[in-house]
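>>> give the three-dimensional model of this entry:
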Amino acid sequence: MASYDPEQLVFEQEVVSSIKPVLGIEDRPKTFLETLFYAWQVTLVDFTPFIWAGMFVTLAGLPENVLPVMISTCFLAMGVGTLIQTTVGNRLPIVQGPSASVLSAMGPVTAMYGFTAMWGSVLVGGLLETLLGFSRVLGKIRKFIPPVVTGSVVATIGFVAARISLTWIFGSGKQLHLILALVAFLVALFLKFRCRGILSRGFILVSTLLVGVAAATFLGEYDWARVAEAPWFAMPKLFPFRGLDGTGNAVTFVVAAIIGGLTGYIGSIFESLGDYAATCAVSGEKYRVKHINRGIAAEGAGCMVSGFLGALPVTSYTQNIGIIAATGIASRFVTQVAAVMF
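Predicted structure coming up:
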């Protein structure tokens, strides 16, 4: 039996990208202000906890007052999970966030077996994912998980997120929202291809601030009153939804709920393997076996943390790969600063 080699390439034919990063994985921006700028951009793009938490609450049939708390806990779990991944995990510039695959499984589990059973499923699934990463099994069976499989899973999840985003744009029925979306898109293109330096690399953040905040505020479409009403500080709690089902329990372990949740974890793992490959490609890094094993172990640990914090399980975020490809900023340090912001 061949010895374990963490530096071995995952695929016989390496995935190569024509994109050359401006800042590599181990590089840092020249100033900390520039770091904050790029990190802020990451946080604005990785906004999908709003989408996935809302979808989960709907699927599970939970009361609406659960949603604001769950959105907050999801962002907190994003920060913790991302720090785990970028420091002791595979150390790639990967953002961890609520998993669409897992929530699709956890919603029906909650509806059938209750909220506390769902948290039991989250914790057990996260533990098993961590053990799977430490076992190095995925690194050994990588030939059975080719890029076409992982890429298909990633693309499917991307289509779901895109459909929801388009629903947000067109769903209000206001022409003004369509105009703002188009203007933001055109401003982003201008900044990306006609400007240079930090404006070009920060085109997503700048266009969002100019159109999504400044212009929307001027036109009366940005509700600052709701921002002012929201609390600025709140201490996180372990199992913040304790007693929601009326039993007073924080978590229960139901075999059927655990099995149902594991189907979501499997989809999440496939998604992550594709994301690791894509991240390595756009970051100028060779995709090695160690990225798989350490990455999945770290994701499992992040999922367990999510369960304790009352957040949805986390997985690698594909849209962050898009930011790296579009801006050339593959710095792991920038991702870690973004994690603190989350």
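
>>> please make it C-alpha for all contacts and neighbour counts, starting now.
OK.

>>> any low-confidence regions in the stretch 101-250 of the chain?
For the stretch 101-250 of the chain, the stretches with pLDDT under 70 are 142-147, 149-154, 156-158, 160-161, 164.

>>> and the helices in it, which stretches?
Ranges of helices in the stretch 101-250 of the chain, per DSSP state H, counting those that start in this stretch, are 115-135, 137-140, 147-171, 175-194, 197-201, 203-207, 216-218, 224-229.

>>> got the ones you listed as a markdown table, with distance to Ser316 columns?
Converted to a markdown table, the helices of the stretch 101-250 of the chain look like this (distance: least, Cα to Cα, whole Å):
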| stretch | distance to Ser316 |
| --- | --- |
| helix 115-135 | 14 |
| helix 137-140 | 16 |
| helix 147-171 | 10 |
| helix 175-194 | 25 |
| helix 197-201 | 22 |
| helix 203-207 | 20 |
| helix 216-218 | 31 |
| helix 224-229 | 29 |
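
>>> do you know which of the ones you listed lies nearest Arg28?
When those are compared by Cα to Cα, helix 197-201 sits nearest Arg28, at 13.9 Å.

>>> now do that closest one: everything it contacts.
Leu191, Lys192, Phe193, Arg194, Val206, Ala326, Thr327, Gly328, Ile329 (Cα atoms under 8 Å, 6 or more residues apart in numbering).

>>> any idea how far Ala338 is from the fifth one?
Computed as Cα to Cα, to the nearest Å, the Val206 to Ala338 distance reads 17 Å.

>>> more neighbours: these two, which one.
A count of neighbours by other Cα atoms under 10 Å puts Ala338 above the other of Val206 and Ala338, at 25 against 20.

>>> for the helices of the stretch 101-250 of the chain, which one sits closest to Ala281?
Among the helices of the stretch 101-250 of the chain, helix 147-171 comes nearest to Ala281, with 12.2 Å by Cα to Cα.

>>> got the phi/psi numbers for Asn65?
phi -70, psi -10 (degrees, to the nearest 10).

>>> now it: how far from Leu210?
According to Cα to Cα, Asn65 stands 32 Å off from Leu210.

>>> pick out whichever of these two has more residues nearby.
Counted by other Cα under 10 Å, Asn65 and Leu210 do not tie: Leu210 has more neighbours, with 15 against 9.

>>> thinking again about what came up before, which one of the helices of the stretch 101-250 of the chain lies closest to Asp27?
Per Cα to Cα, nearest to Asp27 of the helices of the stretch 101-250 of the chain: helix 197-201, 15.3 Å.

>>> export that closest one as CSV, just CAs?
Provided in CSV are the C-alpha atoms of helix 197-201 (Å, rounded to 0.1, in the frame of the first residue of the first chain):
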residue,chain,number,x,y,z
GLY,A,197,-5.1,50.1,-9.4
ILE,A,198,-7.4,49.9,-6.4
LEU,A,199,-10.4,51.2,-8.2
SER,A,200,-10.1,48.4,-10.8
ARG,A,201,-9.5,45.7,-8.2
